[in-house]
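1. using only what follows, build the 3D model:
(one chain, ligands or ions: 2)
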Amino acid sequence: IVSRLPAVGTTIFTIMSRLAQECGAINLSQGFPDFSAEDVLFERVAHWMRAGHNQYAPMAGVPALRAAIAAKVEALYGAAYDPEHEVTVTAGATQALFTAVAALVHPGDEVIVFEPVYDSYVPAIELQGGVVRRARLAAPEYRPDWQAVRALVTPRTRMIMINTPHNPTGTVWTAADLAELAAITRGTGIVVVADEVYEHIVFDGQLHQSVARVPELADRSVIVSSFGKTYHVTGWKVGYVLAPWELMAEFRKVHQFNVFTVNTPVQLALADYMGDASRHLGLAAFYQGKRDFFRAGLAATRFELLPCAGTYFQTVRYAAISDQADTAFVDWLTREVGVAAIPLSAFFGDGRDEKVIRFCFAKREDTLAAAFERLQRFC
Ligand code: PMP
Ligand code: GLN
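-> Ligands and ions are numbered 1, 2, ... in the order given. You can find the predicted model right below:
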């Protein structure tokens, strides 16, 4: 077989979660909560299943959920998306990102990504014959260097994929960053794909800078989000896309043959659940408490804590503990210390090793406390 993705192996999330399980390690690698969503959400799913809503939903998603999404986005970011033509429910953010790239990138088109980059972006681009251009986010702040981004833009640039709050670094972009992005893309045919799956997990009173807040940018953007992160149900794989109708029409052409539609009773339940805005608005304070607890626990180790302004990930430099490569270090940490983490090299095309690893703190306090006990002993 001539592989379409010769350089791709198994994702780091599968590798580390599997190793954690084999070793009985505390799994702070793959990003997912170890606590439950609220019962009332499960009751809504059961309700809609029993009420007979178990067949195909409309291709773009259940109308009540699309309306609830549009209402939330208008309330938070002041942007009006027409639920009929400009909102589509997807099988998680991963499918949304993949479908957006498939719908909009032609062979030979250039796509700019920011490195470290979430691991699904580059394979999605390469499968379409797109050419990846990488802008570096430099440690320890991991802020975009707009002059460098500007230098990457050519007449072949078709798309810029951004992610704020950023996985794996926890960086949150500012309004000034969006102004730079708007200036760079103004008067071009460039489409922005904005991965905003951690939109509700922004700390210290900062605001999430959705591209939806900047009308000029929103006009040329596909925004992606995910209910998995917001409602503690990563396994449900339901997310959504917002885009102006010309872009959404292209997105849906692919979506209808990619998945056609998404799980009906779960969509109906999410529509009910979204009605109470305190659920997504309370998420930032909830995770800020976990971030602070986690950082305090790690302060008693030799890990160097890097900034964390959003997401449920904390990056740390371990150079004071070991000079091993980050992949070897997480292997040791999982097997010998009993705590699994993600090596940041997995997010670099050239496997760049900055001696930085990522922990997920979306865990119960007792889980985090058990991890501290191990980390404080060995690190
Ligand atoms: N983008 C980013 C930045 C993510 O962190 C994740 C999930 N960890 C996804 C996309 C995928 O989200 P989903 O599980 O909804 O497919
Ligand atoms: N996005 C999650 C993370 O960063 C993992 C999702 C996956 O396993 N593909 O850990």
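
2. okay, CA-based contacts and neighbour counts for the rest of this
-> OK.

3. so where do the helices sit in the stretch 1-150 of the chain?
-> 12-23, 39-50, 63-77, 92-104, 121-127, 146-152 (DSSP state H, counting those that start in this stretch).

4. which one of these lies closest to L333?
-> helix 12-23 (9.9 Å; CA to CA).

5. please see if that closest one touches ligand 2.
-> Yes - Helix 12-23 comes into contact with ligand 2 (CA under 6 Å from any ligand atom), by way of F13.

6. which bits of the protein sit near ligand 2?
-> Residues of the chain lying close to ligand 2 (CA under 6 Å from any ligand atom) are F13, Q30, G31.

7. quick one on the thing from earlier: buried deepest among the helices of the stretch 1-150 of the chain, which one?
-> helix 92-104 (a mean of 23; mean count of other CA atoms under 10 Å).

8. show me what stretch 75-94 is in contact with.
-> 60-63, 66-67, 69-70, 73-74, 96, 120, 195, 197, 210, 212-213, 215, 224-228, 236-245, 248-249, 252, 259, 261-262 (CA atoms under 8 Å, 6 or more residues apart in numbering).

9. and those, which of them are buried?
-> Neighbour-count burial within the contacts of stretch 75-94 applies to 60-63, 66-67, 69-70, 73, 96, 195, 197, 210, 212-213, 224-228, 237-245, 248, 252, 261-262; the criterion is 16 or more other CA atoms under 10 Å.

10. contacting ligand 1 as well, which ones from those residues?
-> Okay, of the buried ones among the contacts of stretch 75-94 touching ligand 1 (CA under 6 Å from any ligand atom), that's D195, V197, S226, G228, K237, V238, G239.

11. do you have the strands of the protein handy? List them.
-> 26-27, 87-90, 110-115, 131-136, 157-163, 191-195, 221-226, 239-242, 304-305, 313-317, 339-340, 342-343, 356-360 (DSSP state E).

12. so can I have a markdown table of the ones you listed showing mean pLDDT?
-> A markdown table is the format used below for those (pLDDT from 0 to 100):
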| stretch | mean pLDDT |
| --- | --- |
| strand 26-27 | 98 |
| strand 87-90 | 98 |
| strand 110-115 | 98 |
| strand 131-136 | 98 |
| strand 157-163 | 98 |
| strand 191-195 | 98 |
| strand 221-226 | 98 |
| strand 239-242 | 98 |
| strand 304-305 | 98 |
| strand 313-317 | 98 |
| strand 339-340 | 98 |
| strand 342-343 | 98 |
| strand 356-360 | 98 |
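
13. out of these, flag the one nearest A37.
-> Ranked by CA to CA, the member of those that lies closest to A37 is strand 221-226, at 14.8 Å.

14. distance of the nearest residue to E74 once chain neighbours are set aside relative to ligand 2?
-> Spatially, and ignoring its direct neighbours in sequence, E74 is nearest to A80 (5.5 Å; CA to CA, 6 or more residues apart in numbering). Counting by CA to the nearest ligand atom, to the nearest Å, the gap from A80 to ligand 2 is 28 Å.

15. just H232 next, same as before
-> Taking CA to the nearest ligand atom, one finds H232 at 12 Å from ligand 2.
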